[in-house]
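>>> missing the sequence, but the structure's below:
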């Protein structure tokens, strides 16, 4: 093994929630995990009740639940009781607007307090919450709102005008738009969030929600077709809580900073729900990545547990560890990373400069919570994603015609698969039964990731089994990008792949074939880039455009993205027997 | 290179990254990521392009100074002076 394992100190082990991995795997049961929550009468369960109200009922109402750090230095504190009252107000606002159980509340917001209040208030009201990333453009927004049948959108005046007002008529079922920064003057056709909140009562009886009632809708991308809305239910909170304890080593007295945006599943499951259910204090920073700001936050807020992403860690690595000497980070106890595999160099670097390693973990939108992780009390093998959480049965499988068979020989690459049944597993892709069913074979949930398990039981990520692009930890469906480019009059055919990037893992690159009469020049490349950005937003639009006279295709006319990628990377082209029309 | 030229290079490179935005409409003192709806990868590409065009290699710790159009122009002017 090229990288030496990083051994844990006795003090790390003694304080850890999960002290002995093998013992915990043996003794764990989801039924026992359920007992860590309070629940509501008659078997009801509500995520927001577990995250907020129950701590107030237990006498922790004055404890700091969420500290919001504004971009401009403004700080706003929410105790558990204040969060309870604000989320009650929002639930009352929804109710007054005729929005009830099962209705869909969407957000298009940066990391503002209103986002956190909207998520939890919607859950109290029994409504389903769907957070959207604010760097999406109009097309990803419209497709997600249409598929999920949005009833309400919570957003800012700027985002509304820039990204949604012009396409609003494409979402005819939408009933209300709430503007969080309307300042008494909401744009036409929208409502003033703040004014409604002020009028609303801060007492609310939580709507009865059962374990299997839909709570959250998170969109993800496949290779083909539209985005898929993964349905999560209130029971997911059982996994949100216990995985936070095990994989992030969260304790009640922790100050926890998850840098992920709630527009992605990490920012909701662990950027809101998990730490609050544990009763910890959550730090939220409105601003985007800035190394000195980040180190200042870790120091000044005395962050004890930090959950971030490889893209950010690699940017910190570029800056180097020297600057860290100016920062007293002695409060920091545990660091974790998710989004894409954390390269071993970054793990070893973190051990050198922070005196403790980043703990990589693995999960995806569909799993709702962390599935495989490195733990506080377990030695870290740099580059590995760790071992399955207690209660999670993971395997490496090979496809056998219609079935799947587990490969038990260590070191063999196959598809990473999980035995379904944990509480935060998706219950459906909304309105996409066939695509949902396709994820399951012979009792396994197939993750779409290729991986291997070594002789020590550690799992290693190898790559994607499909053409989905992973950029800065986010999945991007090539079809969504290709569709937007195809709308341009000059484009005859297009293929979109991810190409390696030192910082982001992969970035989106589009290969474009033009219709007759169009010249492949810089001006047209810029025009196409602008076209894609306007529709898709910066998070999804390609960063590079290359022109081709012809894209490689199979006999049936399917563009071979894999071949383009192999050529881009200088890798073996593999089986090209189906190649009919060659790249030019 | 004169100040006018630096202005021009900054505008051209921002135009390459966000060709859909009208640079005359943005607040020159606002955060480019907000003003132009660009992400941190776009911003890194902007810094790389400035390095190639103007020979100014901004260390990572100076990136916040380049986050606004005015800030970027002032920074580049100073570095090239």
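Cool, the structure landed. Keep in mind that this is a model prediction, so the values were computed, not measured. Residues are numbered from 1 along each chain as shown, chains lettered A, B, ... in the order given.
>>> so is the residue of chain A found nearest chain B in a helix, a strand, or just coil?
Proximity to chain B, evaluated over chain A using C-beta to the nearest C-beta, is greatest for residue A:530 at 3.5 Å. For every residue, glycine as well, the C-beta is placed using N, CA and C. Assigned with DSSP: H, G, I helix; E, B strand; the rest coil, residue A:530 falls in the helix class.
>>> wait, what's in contact with it?
By C-beta atoms under 8 Å, 6 or more residues apart in numbering or on different chains, residue A:530 lies in contact with B:18, B:19, B:20.
>>> ok, the last one touching residue A:534?
Put plainly, it is residue B:20. Yes. When contacts are counted by C-beta atoms under 8 Å, residue B:20 is listed as touching residue A:534 (4.5 Å).
>>> who in chain A is up against chain B?
Chain A has residues A:71, A:135, A:162, A:288-293, A:311, A:315, A:318-319, A:323, A:471-472, A:501, A:503-504, A:507, A:526-527, A:529-531, A:533-534, A:537-539, A:543 near chain B, with proximity defined as C-beta under 8 Å from any C-beta of the partner chain.
>>> Go through the contacts of residue A:530 and flag which are in strands.
Among the contacts of residue A:530, none falls in strands (DSSP state E).
>>> From the residues of chain A next to chain B, list just the buried residues.
Among these, the ones that count as buried by 16 or more other C-beta atoms under 10 Å in any protein chain shown are A:135, A:288-291, A:311, A:315, A:319, A:471-472, A:501, A:503-504, A:507, A:526-527, A:529-531, A:533-534, A:537-539, A:543.
>>> which residues of the stretch 451-584 of chain A fall in helices?
Taking DSSP state H, counting those that start in this stretch, the helices of the stretch 451-584 of chain A run over residues A:478-486, A:522-536, A:561-569.
>>> so which of those is the most packed in?
Highest mean neighbour count of the helices of the stretch 451-584 of chain A: helix A:478-486, a mean of 22 (counted as mean count of other C-beta atoms under 10 Å in any protein chain shown).
>>> would residue A:399 count as being in a strand?
Yes. Membership of residue A:399 in a strand is supported by three-state DSSP.
>>> Show the contacting residues for it.
Residues near residue A:399 by C-beta under 8 Å, 6+ apart: A:415, A:441.
>>> Low-confidence stretches in the chain?
No chain specified, so I'll use chain A. Along chain A, segments meeting pLDDT under 70 span A:1.
>>> switch to chain B, that's the one I care about
Applying pLDDT under 70 to chain B picks out residues B:1-4.
>>> Spell out which residues belonging to it are near chain A, please.
Chain B has residues B:15-16, B:18-20, B:31, B:33, B:37-42, B:44-45, B:60-61, B:63-64 near chain A, with proximity defined as C-beta under 8 Å from any C-beta.
>>> quick revisit: can you flag which of the contacts of residue A:530 belong to helices?
When DSSP state H is applied, the contacts of residue A:530 are split such that none fall in helices.
>>> of all these, which comes closest to residue A:548?
Relative to residue A:548, the closest of the contacts of residue A:530 is residue B:19; by C-beta to C-beta it sits at 20.8 Å.
>>> Skipping its backbone neighbours, what lies nearest that closest one in space?
Of all residues not flanking residue B:19 in the chain, residue A:530 sits nearest, at 3.5 Å (C-beta to C-beta, 6 or more residues apart in numbering or on different chains).
>>> Check the gap between the one you found and residue A:244 for me.
Counting by C-beta to C-beta, to the nearest Å, the separation of residue A:530 from residue A:244 is 42 Å.
>>> Just the buried positions in stretch B:74-81, please.
Using 16+ other C-beta under 10 Å as the test for burial, stretch B:74-81 gives B:75, B:76, B:79.
>>> Show me how far it is from its chain's centre.
Chain-centre distance of stretch B:74-81: 12 Å, with C-alpha atoms, centre = their mean, to the nearest Å.
>>> Counting neighbours, what do you get for residue 33?
Since no chain was named, I'll use chain A. Neighbours of residue A:33 under the rule other C-beta atoms under 10 Å in any protein chain shown: 20.
>>> Correction: the question concerned chain B.
Residue B:33 has 19 neighbouring residues, counting by other C-beta under 10 Å.
>>> check contacts around it.
Counting by C-beta under 8 Å, 6+ apart, residue B:33 makes contact with A:288, B:39, B:40, B:42, B:43, B:67.
>>> same question, residue A:160
With contact taken as C-beta under 8 Å, 6+ apart, residue A:160 is in contact with A:108, A:177, A:179, A:187, A:190.
>>> Filter the residues you listed down to the buried ones, ChimeraX style.
Here is the ChimeraX command that selects only those of the contacts of residue A:160 that count as buried (16+ other C-beta under 10 Å):
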select /A:108,177,179,190
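>>> can you put the contacts of residue A:160 in a markdown table and add secondary structure and distance to residue A:100?
Putting those into a markdown table (DSSP: H, G, I helix; E, B strand; the rest coil; distance: C-beta to C-beta, whole Å) gives the following:
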| residue | secondary structure | distance to residue A:100 |
| --- | --- | --- |
| A:108 | strand | 22 |
| A:177 | strand | 18 |
| A:179 | strand | 22 |
| A:187 | coil | 26 |
| A:190 | coil | 21 |
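>>> Residue A:291 reaches residue B:62, doesn't it?
No. Using C-beta under 8 Å, residue A:291 makes no contact with residue B:62, being 10.8 Å away.
>>> re earlier: so of the residues of chain A next to chain B, which ones are in strands?
In strands, defined here by DSSP E, the members of the residues of chain A next to chain B are A:471, A:501, A:507.
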